[in-house]
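Undergrad: Task: produce atomic coordinates for the following.
(one chain, ligands or ions: 1)
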Amino acid sequence: MEKVEVRSLVKGDIGEALRLKSQAGWNQTEGDWRRLLKLDPQGCFAASVDGQIVGTTTTTMYGRGLAWVGMVLVDQGFRRRGIATKLMRAALRHLDEMGVTTVKLDATPAGAPVYEALGFETELLIERWSGVACGGTDVPDEVVEAAEPSLFFELDRRAFGADRTPLLKALFEDASDRPLACMTPGVGRLIGYVFTRPGTDAFYVGPLVATDPAAASKLLEAALCRLTGRRVFIDLNTTFVGGGEVLASRGFVRQRELIRMRYGEVSGAGTSGSIFSIAGPEYG
Ligand SMILES: CC(C)(COP(=O)(O)OP(=O)(O)OC[C@H]1O[C@@H](n2cnc3c(N)ncnc32)[C@H](O)[C@@H]1OP(=O)(O)O)[C@@H](O)C(=O)NCCC(=O)NCCS
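TA: I've put the predicted structure just below:
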């Protein structure tokens with residue numbers, strides 16, 4: 001059998017990485033790959049056979065307590081030969097060397113058996129919804145565009161249970177549209193926020209973080225209003241019942257499930273009910 005080599009993924013590999021993600025029908029852009037590489041240049045891996053890239057994976061660390069694995073992709077012509085497993089072992093070794101105690105990911109049904117065999121355990125389900133956004137109501141007064149991301153850092157840390165500051169900064173820097181913030185009337189205290197970004201097939205809405213479901217629903221309505229006429233994907237935490245209602249009432253459909261899985265120490269990080277929609281399966 002041909003020899004599979006696993007090495008660091010570098011910027012020059014992005015074209016091939018995009019080929020693999022298109023083959024899988026995923027939504028990430030070149031900008032998404034660049035951001036993942038920038039967030040952890042040592043933690044992204046490529047598998048090659050005779051110099052041809054046939055697999056990828058990325059890792060993103062949120063401090064030492066939590067890291068996320070994403071973009072596990074294997075060329076259709078090279079599946080069931082242990083390549084995803086090899087890439088995962090490289091990713092887990094890297095994170096172990098970095099002293100990371102808990103690793104999580106959002107698995108497709110195809111990926112789940114690979115991770116189970118490596119010792120990952122299921123935590124909860126995330127639902128992918130898709131549809132064309134239509135502005136049903138006016139944007140509520142409490143929802144405003146945020147001029148800079150530092151406003152979100154503390155709320156996000158409390159909600160997510162780990163520090164996603166570098167990710168939030170990077171999403172903000174790359175954003176064509178500013179994120180939306182939900183403030184309490186009068187005092188103007190931040191109670192939620194949402195980012196939107198373009199993908200190759202649809203706009204992506206997330207992360208959506210809020211202190212309560214009412215604020216989350218307002219932010220979701222406002223984000224959909226802004227994206228009127230665009231195709232949209234959103235990965236909802238299944239505990240956000242109101243979110244499904246807002247989306248279903250606007251003709252969105254549940255497209256598929258993602259399985260949130262954990263490896264290493266038990267940790268609530270990334271799974272709280274204040275995370276109404278995730279930042280992306282590759283980020284948590
Ligand atoms: C999921 C994916 C990455 C697996 O890659 P792979 O290189 O074929 O996986 P491996 O060969 O390392 O599989 C290891 C084991 O996982 C299980 N497994 C892998 N793919 C499976 C499938 N489609 N159905 C059932 N079990 C599967 C098997 O137990 C397999 O061992 P075996 O072949 O000896 O039976 C690949 O199918 C892919 O790129 N799919 C599209 C994108 C995707 O869904 N990625 C996962 C994101 S979370």
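
Undergrad: Give the rounded mean pLDDT of the helix or strand harbouring Arg35.
TA: For Arg35, the enclosing helix or strand under DSSP states H and E is helix 30-39. Mean pLDDT, helix 30-39: 97.

Undergrad: list the buried ones in the following helix or strand past that helix?
TA: Per DSSP H and E, the first helix or strand lying C-terminal to helix 30-39 is strand 45-49. Residues of strand 45-49 classed as buried: 45-49 (neighbour count, 16 or more other CB atoms under 10 Å). C-betas here are computed from N, CA, C, even on glycine.

Undergrad: all helices of the stretch 51-200 of the chain, in order?
TA: Assigned by DSSP state H, counting those that start in this stretch, the helices in the stretch 51-200 of the chain fall at 83-97, 112-117, 150-160, 165-174.

Undergrad: how about a markdown table for those, with mean neighbour count, mean pLDDT and distance to the ligand added?
TA: As requested, the helices of the stretch 51-200 of the chain are arranged in a markdown table below (neighbours: other CB atoms under 10 Å; pLDDT from 0 to 100; distance: least, CB to the nearest ligand atom, whole Å):
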| stretch | mean neighbour count | mean pLDDT | distance to the ligand |
| --- | --- | --- | --- |
| helix 83-97 | 19 | 98 | 3 |
| helix 112-117 | 16 | 98 | 4 |
| helix 150-160 | 18 | 96 | 20 |
| helix 165-174 | 18 | 96 | 19 |
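
Undergrad: nearest to Asp32, of these?
TA: helix 165-174 (8.8 Å; CB to CB).

Undergrad: which other helices and strands contact the closest one?
TA: helix 30-39, helix 150-160, strand 190-197 (3 or more CB pairs under 8 Å, 6 or more residues apart in numbering; DSSP states H and E).

Undergrad: Which strands or helices does the first one pack on?
TA: Applying 3+ CB pairs under 8 Å, 6+ apart, one finds that helix 30-39 contacts helix 14-23, strand 52-61, strand 67-74, helix 165-174.
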